[in-house]
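Visitor: Provide a 3D model corresponding to the input given below.
(chains A, B, C and D)
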Number of protein chains: 2
Amino acid sequence: MDEIDRTIVNLLRADGRTSYAELARRVGLTAPSVQDRVVKLERNGVIAGYTAVVDSEAIGLGITALIGIIPDNSADHLDICERLRAIPQIESCYFLAGVECYQLKVRVPKMADLEQLIHRVGAIPGVAQTRTTITLSTKWEDRPQPIPSDGDDHGVD
Amino acid sequence: MDEIDRTIVNLLRADGRTSYAELARRVGLTAPSVQDRVVKLERNGVIAGYTAVVDSEAIGLGITALIGIIPDNSADHLDICERLRAIPQIESCYFLAGVECYQLKVRVPKMADLEQLIHRVGAIPGVAQTRTTITLSTKWEDRPQPIPSDGDDHGVD
DNA sequence: TCATGTAGTGGACGAGATCGACCGGACCAT
DNA sequence: ATGGTCCGGTCGATCTCGTCCACTACATGA
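Guide: Got it, this is the predicted structure:
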């Protein structure tokens, strides 16, 4: 994970379809060696994959909400987690240090779908209470920040 | 936005580097017509871009936190938003319906950076209070859900 | 009936991806 | 010092892919 790797990762975060040839020109290497580095970054888990960034409103998922979950004492977190994962509308799921020990980011087409979703989450065994907040607007989302160059490889070779 | 477009978008969300030739094979068209569709999806804003999915821990951003902002009465939201945007560690920013009218998702290398960040956000004029929650683990994040096929193009041609 | 617009096909050509062979410096043990 | 080995890179050949353009099929509407 040297300076060149960081540059490659930053370029691929800015445009995930950048060709190896273009990356090579940017970092001053040839295409095969850039490809070699990218393959290694993928194998090491630094690059987990590539995805198209889609406007959720344009595909009919106009409503975004955050749902906090307060568990009861009997909560089996493996089970809760599994049941949450089975709900496709939950795009993100964080385990938090706080009373609300999960926060979900969900997207649905209509308010009725959100209501149904809240009921479904609330019905999961071990969930004592949920607290839902509608997002009025998304100012920005998943903006890549520059990779810190503190030299440490953080355990990933 | 027909069934083929939805398939293309789903394929590109699953792997943003899928070639036009491969997409063409999957949807039963030729590469040029698939490219034509993708270009239109990009122009219409359905596909906003492409990005590499990076493991934040592997690049030294091991700490994720959620920061809620409670504004005071004098809050100038355009100004707040602009100042928040200038902080690179804030990866996402939602405007919410609630007492905490913003929620930020931030990533930093170390706790000391988080502390500094909280002070910086708290010092923004119009911010009365912040409430920070550390994420102990990310169960999953930005999982793409199938595009609802309700036929409506949602105003985007 | 005939223009017109839309979406797709097929071919051609340049660019990119990918593989194997080779090169040179760093490191290590003899 | 010498030679072996590993690592990362380059070079060249080949195959695939991207991209442009001309042509076709089909639905729409005057």
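Visitor: part of a strand, is residue A:94?
Guide: Yes. Checked against DSSP: H, G, I helix; E, B strand; the rest coil, residue A:94 lies within a strand.
Visitor: check contacts around the nearest residue to it once chain neighbours are set aside.
Guide: Nearest in space to residue A:94, with sequence neighbours left out and distances taken as CB to CB, 6 or more residues apart in numbering or on different chains, is residue B:135 at 4.4 Å. The way it works is simple: take the backbone N, C-alpha and C, and place the C-beta from them, glycine included. For residue B:135, the contact set (CB atoms under 8 Å, 6 or more residues apart in numbering or on different chains) comprises A:94-97, B:64-66.
Visitor: Kindly indicate which of those lies nearest residue A:5.
Guide: The closest of the contacts of residue B:135 to residue A:5 turns out to be residue B:64 (CB to CB; 22.2 Å).
Visitor: which SSE is that closest one in?
Guide: strand B:63-71 (DSSP states H and E).
Visitor: Also residue A:79?
Guide: helix A:77-85.
Visitor: Mind listing what's buried along that helix?
Guide: A:80-81, A:83-84 (16 or more other CB atoms under 10 Å in any protein chain shown).
Visitor: Hmm, residue A:20 and residue A:35 touching each other?
Guide: Yes. Using CB atoms under 8 Å, residue A:35 makes contact with residue A:20 at a distance of 4.8 Å.
Visitor: more crowded one of the two?
Guide: Higher neighbour count among residue A:35 and residue A:20: residue A:20, with 18 against 15, using other CB atoms under 10 Å in any protein chain shown.
Visitor: I'd like to know how far the more buried one sits from residue A:11.
Guide: As judged by CB to CB, to the nearest Å, residue A:20 and residue A:11 stand 11 Å apart.
Visitor: ok, now residue A:28?
Guide: 13 Å.
Visitor: In terms of neighbours, single out the busier of those two.
Guide: Neighbours were counted for residue A:28 and for residue A:11 using other CB under 10 Å; residue A:11 has more, 17 against 9.
Visitor: The helix or strand harbouring the more buried one vs DNA strand C: in contact?
Guide: Residue A:11 belongs to helix A:3-14 when assigned by DSSP H and E. No. Using CB under 7 Å from any atom of the strand, helix A:3-14 never reaches DNA strand C; the gap is at least 11.4 Å.
Visitor: So what's the gap between the longest strand along chain A and the chain middle?
Guide: In terms of residue count, the longest strand belonging to chain A (DSSP state E) is strand A:127-140. Strand A:127-140 has its C-alpha centroid displaced from the chain centroid by 16 Å (CA atoms, centre = their mean, to the nearest Å).
Visitor: What residues of that strand count as buried?
Guide: In strand A:127-140, counting by 16+ other CB under 10 Å, buried: A:127, A:130, A:132-133, A:135, A:139.
Visitor: which residues sit in contact with residue A:53?
Guide: A:142, B:47-51.
Visitor: Helix, strand, or coil at it?
Guide: strand.
Visitor: ok, what's across the strand from it?
Guide: Beta-bridge pairing of residue A:53 under DSSP bridges involves residue B:49.
Visitor: Please tell me the pLDDT value assigned to it.
Guide: pLDDT for residue A:53: 97.
Visitor: for residue A:149, same thing?
Guide: Residue A:149 carries a pLDDT value of 80.
Visitor: Quick check: closest non-adjacent residue to it.
Guide: Residue A:149 sits nearest to residue A:6 (CB to CB, 6+ apart), 6.2 Å away.
Visitor: ok, the one you found to DNA strand D distance?
Guide: 13 Å (CB to the nearest atom of the strand, to the nearest Å).
Visitor: from memory that residue sits against residue A:148, does it?
Guide: No. The pair residue A:6 / residue A:148 is not scored as a contact, 9.1 Å apart, by CB under 8 Å.
Visitor: shared neighbours, those two?
Guide: residue B:59.
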